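> Let's see this in three dimensions:
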Amino acid sequence: MELYSSIDLHSNNGVVMVLDDRDRTVFAKRLPNDLTQVISALRSCPGTIVGVAVESTYNWYWLVDGLQDAGFKVHLVNTAAVKQYDGLKHGGDFSDARHLAHLLRLGILPTGYIYPRAERAVHDLLRKRTQLVHQHTTQILSMQNLLARNLGAQASGNE
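Now for the predicted structure:
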């Protein structure tokens, strides 16, 4: 039996969801951020896990690397591109994890690129530099606008 898993990862825990090929829940549990427990939970499921979708905004390196080292095919979810069903009330971490596993099963999960381990440090530094340049530019433009407003007011005599 083919299985589809997802993990909604948080700072100290994650919701692990495993669905079968008919969208039935095989496993659903909140686990601490412990690689051994996560891998053990995934391996306890009867069947072959086709893939593991990981949803996280910042702390995914340890989990993705560990799952890949354990032989799992990992998909990093592009959170900005995932649309929950319109009109449904937000159900929480378990419904989010279930939705991601469902999208993975259907083959329509939006994913992001998983940078190779050796390139991540440089990529992170470049991303931070880009953020700093944008902040710097924003501050300069803000000061220029402030000066233009005040100098313009002085030139027209509306001090």
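> I'd like the distance between L76 and F27.
According to CB to CB, to the nearest Å, L76 and F27 sit 21 Å apart. Placement of C-beta: from N, CA and C, glycine included.
> Those two: who's more crowded?
Legend: neighbour count by other CB atoms under 10 Å for L76 and F27, higher for L76 (19 against 16).
> Give me the distance between that one and T137.
L76 is 29 Å from T137, by CB to CB.
> Pretty sure R22 sits in a helix.
No - if the criterion is DSSP: H, G, I helix; E, B strand; the rest coil, then R22 is coil and not within a helix.
> Neighbours of it, how many?
7.
> roughly how far apart are it and L3?
From R22 over to L3 (counting by CB to CB), the distance is 11 Å.
> now the helix or strand of the chain with the lowest mean pLDDT, how far from the centre of its chain.
Least confident helix or strand, the chain: helix 117-155 with a mean of 84, by mean pLDDT, DSSP states H and E. Relative to its parent chain, helix 117-155 has a centroid offset of 26 Å by CA atoms, centre = their mean, to the nearest Å.
> That one packs against which elements?
helix 61-69 (3 or more CB pairs under 8 Å, 6 or more residues apart in numbering; DSSP states H and E).
> chain center to the next helix or strand after the helix it packs on: distance?
Heading C-terminal from helix 61-69, the first helix or strand you meet, by DSSP states H and E, is strand 74-77. Relative to its chain's centre, strand 74-77 lies at 8 Å (CA atoms, centre = their mean).
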